[in-house]
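S.K.: any chance you could fold what I've pasted below:
(chains A and B)
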Amino acid sequence: MSTSNKSIPVSLPGPGNSRRIKNEKPQQGFKALWRLMRYLSSQRLMLLLILISLLLGTAGTLAGNYLLRPAINNYVLKKDIVGLGHIALVMIGIYIATGIFNMLQYRLTIRVAQKTISNLRNDLFDRMQYLPLQFYDTHQHGDLMSRFTNDMDTVSDALNNSITQLLISSITLLGTLALMVYISPILSVIALIMIPLMLYLAKLIINKSKSFFAANQAALGNANGYVEEMISGQKVVKVFGHENAAIEQFEKLNQVLREKATKAQFYSGMMMPLMANMSTINYALTTIAGGILVITRGFDLGGLTAFLQYARQFGRPVNEISSQYNSLQAALAGAERIFAVIDTAPESETIDSLPIPTPLQGQVTLSHVNFGYVPQKQVLFDIDIDVKPGQKIAFVGETGAGKSTIINLLPRFYPLLSGDILLDKTSIFKLDRNELRKKLSIVFQDTHLFTDTVMENIRYGRLNATNEEVIAAAKLAAADSFIMQLPLGYKTELTNDGANLSQGQRQLINIARATVADTPILILDEATSSIDTRTEIAIQEGIDRLMQNKTSFVIAHRLSTIRNADMICLIEKGTIAEFGSHAELLKQKGKYYRLYMGQFD
Amino acid sequence: MKLSTFTPYTKSFRKAFLIIPFFVVIDVFCEIIQPRLMSVIVDDGILHKDINYILKIGLAMIGLAIVAIVANLCNIYYSAHASVGFATNLRTALFRKIQSFAFADTDYFSLASLTTRLTNDTNMMQQVMMMCLRMLLRAPLMMVFAIIFAVSINKDLSIVMAIALPILALSIFILLRKGLPFFIKMQQAVDRVNSVVQENLLNVRVVKAFVRQDFEKKKFEKVNFDLMDLATRASSIVVLIMPVMQLVMGLSLVAVTWFGGQKVMTGTLALGGLMSFLSYITQILISLMLLSLTFMMISRAIASGDRIEEVLEKKASLTNTEEGLKNKYAITAGRIAFQQVTFRYNRQSEKPNLDNISFEVKPASILAIIGGTGSGKSTLVQLIPRLYDVSKGSVLVDGIDVRNYKLQELRSQIAIVLQQNQLFSGTILENLKWGNEQATEEDIYTAARIACADDFIRSFPNGYQTLLGQGGVNVSGGQKQRICIARALLKKPKILIMDDSTSAVDINTDRKIREGLKKHLQDTTLLIIAQRISSVMHADQILVMEEGRIVGSGSHDVLLQTNTIYQEIYQSQHLQKEEV
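M.R.: Numbers count the residues shown, from 1 in each chain, chains lettered A, B, ... in the order given. Modelled structure (predicted):
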């Protein structure tokens, strides 16, 4: 229904990005920097080229300005037009060479930075593929996304700009100082007093603005969170006529944000002009002192000209150094968060894994399984089930009883507290994990789809399935008829997690995907919960056919779907409360009986 | 983007807008006169060996710099207030507008997009406002002053500027024009990368279960490579601006030195004049650079402005009617009638979502609606509190068209427990109080008891003070539904609508809730949408829906006799019962 599905906007990586002052300090900045350097080190030759062109470029800029001195002293004041011509030509040469070196440096830096960032992104994504599910259970998606977007951006900023700019500015500042001292040690005293003063002032401002920015970020976070909640809960807001209360609350948050933001803007905005003004004061002081020196000590005018040129400009490198140092800090903090994920231990590898029994019979045994997502909170207690090859076993029970948890243990998503799970009498923890998973196909409770065509979404179950096989699977899952009604049939692009499909239709596609996988073991976790009962009957036949000769595990809310199971397990608070076939359990007149009869009142 | 859309939000800062230019002029003047004073020191002070004169002028320079600092601080103070205030006003206006939106309007934009408009886009506007207030006047003014001073020093030398300036402006323009389209493409590549990451986060179990890590990695490597490629290309172009500027600046300095030097030799130009000319030319080129940066920023902000404007200009499609505001009707009985109601979510769609629906519900009776997914059940009930307006026909409550009620009155008397339940961050108590701000503790406990929520709420260590995460993440689906039911009950509505609102609740609890409702809400008209026959069979009247039409209506027994679809639904759920 949504017509404009804009994905999460991120700020532009690269030079277009304005510098942000963030209140973030890396824990171990040096370590993160070292890691980043290691990423860069694969491009050593490029780095060397960058360094050379950076040095030459910066030196050229300094030299170009310096030549003003001999130009005025030696030629203009001595009326030597030929000499002036020569030195002008030298200057032109230097400026052109400098321009070329600068271009080279900028372009190479971008290339290296983008390549590095791309490697970093790949590494982060790779590691994400192998992280254990516990990691995803305990980390918010938003937080992980933000490592891919915000943190990557700050690192990208630093690689594109901060590091080279810090180098350039430092060299410029030092070079300028050196030249100033060379031209006139006495006049340089003024600069030597001004520079630490300016750096100190910059530090003061940055510290102030950092703390206000932190407050600003917090206030912004609050306001954003509220907006997100109220917009996504719009229906409830309307139904309860809560609009005015929401506006009132938002205005409060908005006012807080305004106060913090104004302060943050004020202090951060102050930095640049203040540095420029300080530079001007330095310029004025130098002019006075220089003028007096020329009169009293016969200091040369050309020297004063060049000196003033430097004095006027050194506010800029000071400004650059302090703000780039700041972005570098933010970047290192971001890098640390990225490395933290990359350093998370992946799912444990099985050493000396046993081969998958062939031919696979499909016997699954849960032997005294105890399990908790966190060791302190056990959720499954002594689960002991033996499923014979080709059998269908169903789990019933209340939400939160532990049915889905049992099923999530079969593909070895989580380690057990104790007990074992066996496949054809071999512990699954001794098998190669990927080989094990290739023997199962699972339809999960929450159905998500990929941005791709319907065809490819189904084919995800088995990548080498032909179009005909995909369509056959869809027919079996009763998905064919609605797919054919989509604008482009199987070629229809699904976007935004299949937003244009109903929950039931998404479930049908998921069933088709499991069908096409055609594995010896099939697991259905509430796979038909959103499908209305009549459609369900239509696909039941297909599902039954699918389950032939397969060991299958089924969780269902509607008991009608499971009554033909070979075994039914009633799970209650993490234990098996009742166990047997449908008929047996009804005869027991226990909890299953009550649950079953309760469906009809 | 029309400026007039945004001017109202600057209203409270008009003073700032008037006062800022004043400070800018002071600042620019103090700054720009410095090289001129320096040249005076050189030409009049140094060459005449007049130390007093040097000190006098020099102190004037320092004084002016201090004045500039004060002017700058004032400018930033006002700019910060104005730009942040502007963004604050925009956010409030957007939030108000969004609150007035009907669902059709929200759907038009999509939730995610509205959120980003309200946050990121307003932030962009704030930044660009700050930048404009500081630069848009300052840079050109600086340039104009510098040009005037430079020309006043020597007209002939100014030719150098006349050549350098257009060259630089043109090259910046060309580079930006070539680079910007890449940035747009790059942004799309960023979106693609994010979308792959996001999908992998959502599908982490699927990817693992089907062992598709390598497949996903390849997919990611491709979009990642595209992003790198485009980012490199975009940046490589724009980044050339800096060296080009440095080159033009350097060459201009050489030209001034060459021509100016000759003039000094022939005595037509003082040495100090040449020195300050060199300063001015640097100043001019830097100003041009800043100006181009500002324009680059503005061009990006225009995109944000457009997106904000689109929301502000959108007319809410469902508002109080004049009738509704004039007549102060109140709901007293709770009688509902649909008269030949046809409804389409999308005006263009051929097939209506509801097709010629007519039925009537007596006050204080129970109506149940059953039917397949997508048959229009939820759509139908949402027309009663005017969450949507009918396309044709009319919906009457107590004999009056719902459009003739004041929206607040209508919705305060109708409670609806939605299929997509939503709780908000805060305590359970705060969430329940959404139903009624003034509810007493006793009211709340009673409502929770009817909804079978009291027991489990009290079993939490903090009971009713338990903090819920956003969307109620720390309670189970069934618990969430029961809290939502209690919340609706607290409204003490004349009409209560339950849209499949016990689907995650087990059957026994479901029955208990229904019995509780029947007992406690004897004056309330109850509408129940359900999938289970057991949930609807005791209703006074049952509607069977299919493809937007009512295909059966009557009591359970009648329908079981006469309606094939109802029979099929019954069969699908009851086949086994007979066998038992």
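
S.K.: can you tell me the SS state at residue A:346?
M.R.: Under DSSP: H, G, I helix; E, B strand; the rest coil, residue A:346 falls in the coil class.

S.K.: just give the closest residue to it, not the sequence neighbours.
M.R.: residue A:130 (3.8 Å; C-beta to C-beta, 6 or more residues apart in numbering or on different chains). In short, each C-beta sits where N, CA and C put it, glycine included.

S.K.: ok, residue B:19 - contacts?
M.R.: Residues near residue B:19 by C-beta atoms under 8 Å, 6 or more residues apart in numbering or on different chains: B:74, B:78.

S.K.: need the next SSE after the host helix or strand of it, C-terminal direction.
M.R.: Using DSSP states H and E, residue B:19 sits in helix B:14-40. Per DSSP H and E, the first helix or strand lying C-terminal to helix B:14-40 is helix B:51-100.

S.K.: so for the helix or strand following that following helix, what gets flagged as buried?
M.R.: Sequence-wise, the next helix or strand downstream of helix B:51-100 (DSSP H and E) is helix B:103-109. Using 16 or more other C-beta atoms under 10 Å in any protein chain shown as the test for burial, helix B:103-109 gives B:103-109.

S.K.: which residues touch helix B:103-109?
M.R.: Contacts for helix B:103-109 (C-beta under 8 Å, 6+ apart): A:1-4, A:231, A:234-235, A:238, B:98, B:114, B:117, B:310-311, B:314, B:316-318, B:345, B:387-388.

S.K.: cross those residues against helices and list the overlap.
M.R.: When these are checked against helices (DSSP state H), the matches are A:231, A:234-235, A:238, B:98, B:114, B:310-311.

S.K.: state the distance from residue B:201 to residue A:143.
M.R.: 10 Å (C-beta to C-beta, to the nearest Å).

S.K.: now the strands for the chain?
M.R.: I went with chain A, as the question did not name one. A:364-371, A:380-387, A:392-396, A:418-423, A:426-427, A:440-443, A:452-453, A:493-494, A:521-525, A:551-555, A:567-572, A:575-580 (DSSP state E).

S.K.: try again with chain B
M.R.: B:336-343, B:354-361, B:366-371, B:392-397, B:400-401, B:414-417, B:426-427, B:467-468, B:495-499, B:525-529, B:541-546, B:549-554.

S.K.: mind listing what the last one pairs with, with the direction of each?
M.R.: So the one you mean is strand B:549-554. strand B:541-546 (antiparallel) (DSSP bridges).

S.K.: got it, and the fourth one?
M.R.: Next to strand B:392-397 in the sheet, as set by DSSP bridges, lie strand B:336-343 (antiparallel), strand B:400-401 (antiparallel).

S.K.: swap in the second one?
M.R.: Applying DSSP bridges, strand B:354-361 is found paired with strand B:336-343 (antiparallel).

S.K.: ok, the third one next?
M.R.: The strands that strand B:366-371 pairs with in its sheet are strand B:525-529 (parallel), strand B:541-546 (parallel) (by DSSP bridges).

S.K.: more crowded one of residue B:201 and residue A:143?
M.R.: residue B:201 (19 against 10; other C-beta atoms under 10 Å in any protein chain shown).

S.K.: and residue 332, how many neighbours does it have?
M.R.: With no chain named, the answer covers chain A. By other C-beta under 10 Å, neighbour count at residue A:332 equals 26.

S.K.: nope, chain B please
M.R.: Neighbours around residue B:332, by other C-beta under 10 Å: 10.

S.K.: check contacts around the residue lying closest to residue A:592 once chain neighbours are set aside.
M.R.: Distances taken as C-beta to C-beta, 6+ apart place residue A:585 nearest to residue A:592, at 4.1 Å, with adjacent residues excluded. Residue A:585 makes contact with A:568, A:570, A:578-579, A:592-593, A:596, according to C-beta under 8 Å, 6+ apart.

S.K.: buried set for stretch B:475-484?
M.R.: B:475, B:478-484.

S.K.: and these near chain A, which?
M.R.: Near chain A, taking C-beta under 8 Å from any C-beta of the partner chain as the test, the members of those found are residue B:478.

S.K.: give me the pLDDT value at residue 340.
M.R.: Answering for chain A, as no chain was given. pLDDT, residue A:340: 87.

S.K.: oops, I was thinking of chain B
M.R.: On the pLDDT scale, residue B:340 gets 94.

S.K.: then residue B:478?
M.R.: 80.

S.K.: ok, it touching residue B:508?
M.R.: No. Counting by C-beta atoms under 8 Å, residue B:478 does not reach residue B:508; the two are 11.6 Å apart.

S.K.: which sections of the stretch 251-400 of chain B are below the confidence cut-off?
M.R.: Of all residues in the stretch 251-400 of chain B, those with pLDDT under 70 make up the ranges B:346, B:348-350, B:373-374.

S.K.: which residues of it lie near chain A?
M.R.: Within the stretch 251-400 of chain B, the positions near chain A by C-beta under 8 Å from any C-beta are B:251, B:253-254, B:257-258, B:261-262, B:264-265, B:271, B:274-275, B:278-279, B:296-297, B:300, B:345, B:371-374, B:385, B:387.

S.K.: which secondary structure element of chain A has the lowest mean pLDDT?
M.R.: helix A:141-146 (a mean of 72; mean pLDDT, DSSP states H and E).

S.K.: show me what contacts residue B:49?
M.R.: residue A:295.

S.K.: next up, phi/psi of it, please.
M.R.: phi 50, psi 50 (degrees, to the nearest 10).

S.K.: now do the contacts for the residue nearest to residue A:372 when sequence neighbours are not counted.
M.R.: Closest residue to residue A:372 apart from its sequence neighbours, by C-beta to C-beta, 6+ apart: residue A:378 at 4.1 Å. Residue A:378 is in contact with A:370-372, A:417, A:574, counting by C-beta under 8 Å, 6+ apart.

S.K.: and residue A:378, what pLDDT?
M.R.: pLDDT, residue A:378: 84.

S.K.: for residue A:599, same thing?
M.R.: Confidence score, pLDDT, at residue A:599: 59.

S.K.: ditto for residue B:516
M.R.: pLDDT, residue B:516: 90.
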